[in-house]
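A.B. asks: Curious how this folds, go ahead:
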Amino acid sequence: MAAISGSNAGPATLLKGGSESGSTSEGDNPPSDVTVDNVSGGGSTEREDTVERGPLVSIGTSADKKSRNKKKKNLYSKKNSKTKNSLIKIKALNKTTQNLKTFSISKDAVLFLKSVLVTRVMPSFYILLFLISLPLNALALVTFTCKIKEKKPAVIYMSNLACVDLLFTLLLPLKIHYHLNGSDWVFGEVACRVLSAAFYCYMYCSILLMMCMSVDRLLAVVFPIVSLTWRTTRNSVYVCALAWMLALIGTVPLLLITQTLNIKDLGITCHDALRHNDPADQTYMILFSVLSCLYFFLPLVITLVCYSSIIYALSVKSGRLATSSSSSSSNQRRRAVIMTIATMLEFVVCFAATNAILLYHCVVLVTGGTRGEGNASYMAYMLAVCAGSSSVFLDPLLYYYGSSQCRQQIRSVLRRKKTKRDTKLSNTTEVGIQTESC
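C.D. replies: Numbers count the residues shown, from 1 in each chain. Coordinates of the predicted model:
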């Protein structure tokens, strides 16, 4: 969260590779793939000579040649102006950091952002997450989309959740580089906005999908027959599309507000500093407070109610079957209760601390709290974000591989690989025996 506020400390400094000299920009010269004809000196161009030698084209007068040269000059000037405008539009956002003034933050904040905890421990944890979650989520996504042919609502929800976790995992190298580089962002304003928006999109979309899965499980357990008309594949696809849309809408403010600031004694920060007196940033804080309430605390209440009802219903059913001989059904319900409790704990542990600290931090900034309070709350928030990111590998373990369908598909894939390996070994052995007999 853009949280460590800074005061103006002087004129803007140039970034690496920058220059104060008034060198000619790329847009002043024609692009390399455009050939500019020589129109000076009244001489004919090479292209004109070729045209004049053509058998089907009549040779014009000198006035016609001048007219054609003038048209070509205007044409190339228009192309050059269009090229200039396109280059300016493409590079405008990435060059905004060079035009920013240098800001100063407290020494404690600088020391924290350059500390071993932020520059070594946190990126090491993110590297571990990347190495574990990438194959787990990739395998889960392939299993749900390609291997499981019967697309039940639970499969639709879990495949979307695997897609969210995989997309966030693929962006972790940018965050890892940022922390290893001493909290100095080198990829430009656009990449910073995309990374910041991607994190909140991952968090909000995961929360909404988990809430939908809890409601779907509640309907399947408590109302198994009545809910058959509601729990359809088409309805689950619509619900997932709505969750994606709401998560993307929630990240729009991050794409519209500048996320990089040039901080004295630190470098270019990405989403780690915020100007207190900027009205746009104040509106941003208020909006994030509302989003935190709508996208976390409301789904949290719904999820807790659903899972509590599921645990109660499964416990009652297990108690009724305790005197019967159906021990297998009782064991299945007991495992379902354990999985439900573990899933609920994962939801609370990974996202509750992050959103609670984020809400408190936004309130402190909006109400004009002291700099020490803002810095302390943001430091706690960064640690909570790091710990909460562990959901990218907890989701596969609890949701995907806790599913009987997913386990069966993975076992079948492993069995096929083992069968192919055994077949190759047997064929090799047979060939060796035949060779020896010969």
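A.B. asks: From here on, just use CA atoms for contacts and neighbour counts.
C.D. replies: Noted.
A.B. asks: residue boundaries of the helices in the stretch 201-350 of the chain?
C.D. replies: For the stretch 201-350 of the chain, helices defined by DSSP state H, counting those that start in this stretch occupy the ranges 233-250, 252-256, 279-292, 298-320, 327-366.
A.B. asks: With mean pLDDT, mean neighbour count and distance to residue 176 as new columns, can those helices be given to me in a markdown table?
C.D. replies: Conversion of those to a markdown table gives the following (pLDDT from 0 to 100; neighbours: other CA atoms under 10 Å; distance: least, CA to CA, whole Å):
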| stretch | mean pLDDT | mean neighbour count | distance to residue 176 |
| --- | --- | --- | --- |
| helix 233-250 | 93 | 17 | 24 |
| helix 252-256 | 84 | 16 | 20 |
| helix 279-292 | 77 | 17 | 25 |
| helix 298-320 | 83 | 17 | 29 |
| helix 327-366 | 81 | 18 | 19 |
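A.B. asks: Can I get those in CSV including distance to residue 206?
C.D. replies: CSV is the format used below for these (distance: least, CA to CA, whole Å):
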stretch, distance to residue 206
helix 233-250, 9
helix 252-256, 17
helix 279-292, 14
helix 298-320, 11
helix 327-366, 9
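A.B. asks: of all those helices, which lies closest to residue 149?
C.D. replies: Counting by CA to CA, residue 149 lies closest to helix 233-250 out of these; the figure is 12.2 Å.
A.B. asks: Only C-alpha atoms, please: export that closest one in PDB.
C.D. replies: The C-alpha trace of helix 233-250 is given here as PDB (Å, rounded to 0.1, in the frame of the first residue of the first chain):
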ATOM      1  CA  THR A 233     -22.000 -25.400 -14.900                       C
ATOM      2  CA  ARG A 234     -23.500 -22.400 -16.600                       C
ATOM      3  CA  ASN A 235     -24.300 -20.600 -13.400                       C
ATOM      4  CA  SER A 236     -20.900 -21.300 -11.900                       C
ATOM      5  CA  VAL A 237     -19.200 -19.800 -15.100                       C
ATOM      6  CA  TYR A 238     -21.400 -16.700 -14.700                       C
ATOM      7  CA  VAL A 239     -20.400 -16.400 -11.000                       C
ATOM      8  CA  CYS A 240     -16.700 -16.800 -11.800                       C
ATOM      9  CA  ALA A 241     -16.900 -14.100 -14.500                       C
ATOM     10  CA  LEU A 242     -18.600 -11.800 -12.000                       C
ATOM     11  CA  ALA A 243     -15.900 -12.400  -9.500                       C
ATOM     12  CA  TRP A 244     -13.200 -11.600 -12.100                       C
ATOM     13  CA  MET A 245     -15.000  -8.400 -13.100                       C
ATOM     14  CA  LEU A 246     -15.400  -7.200  -9.600                       C
ATOM     15  CA  ALA A 247     -11.800  -7.800  -8.800                       C
ATOM     16  CA  LEU A 248     -10.600  -5.900 -11.900                       C
ATOM     17  CA  ILE A 249     -12.900  -3.000 -11.100                       C
ATOM     18  CA  GLY A 250     -11.400  -2.900  -7.600                       C
END
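A.B. asks: re the thing from before, can you tell me which of the helices of the stretch 201-350 of the chain is nearest to residue 134?
C.D. replies: Ranking the helices of the stretch 201-350 of the chain by distance to residue 134, with CA to CA as the measure, places helix 327-366 first at 18.4 Å.
A.B. asks: do you know which of the helices of the stretch 201-350 of the chain lies nearest residue 191?
C.D. replies: Nearest to residue 191, of all those, is helix 252-256, at 10.1 Å by CA to CA.
A.B. asks: list the helices and strands that closest one packs on?
C.D. replies: Applying 3 or more CA pairs under 8 Å, 6 or more residues apart in numbering; DSSP states H and E, one finds that helix 252-256 contacts helix 188-222.
A.B. asks: if we can go back for a sec, tell me which of the helices of the stretch 201-350 of the chain lies nearest to residue 262.
C.D. replies: When the helices of the stretch 201-350 of the chain are compared for distance to residue 262 using CA to CA, the nearest one is helix 279-292, at 16.3 Å.
A.B. asks: if we can go back for a sec, which one of the helices of the stretch 201-350 of the chain lies closest to residue 158?
C.D. replies: Of these, nearest to residue 158 by CA to CA is helix 233-250, at 10.0 Å.
A.B. asks: Quick one: residues in contact with that closest one.
C.D. replies: Helix 233-250 is contacted from outside by 151-153, 156-157, 160, 200-202, 204-205, 208-209, 212, 291, using CA atoms under 8 Å, 6 or more residues apart in numbering.
A.B. asks: Out of these, which end up buried?
C.D. replies: Buried residues within the contacts of helix 233-250, counting neighbours by 16 or more other CA atoms under 10 Å: 151, 153, 156-157, 160, 200-202, 204-205, 208-209, 212, 291.
A.B. asks: on that earlier part again, can you check which of the helices of the stretch 201-350 of the chain gets nearest to residue 192?
C.D. replies: Residue 192 lies closest to helix 252-256 among the helices of the stretch 201-350 of the chain, at 9.1 Å (CA to CA).
A.B. asks: who's in contact with the closest one?
C.D. replies: Helix 252-256 has contacts (CA under 8 Å, 6+ apart) with 193-194, 196-197, 284.
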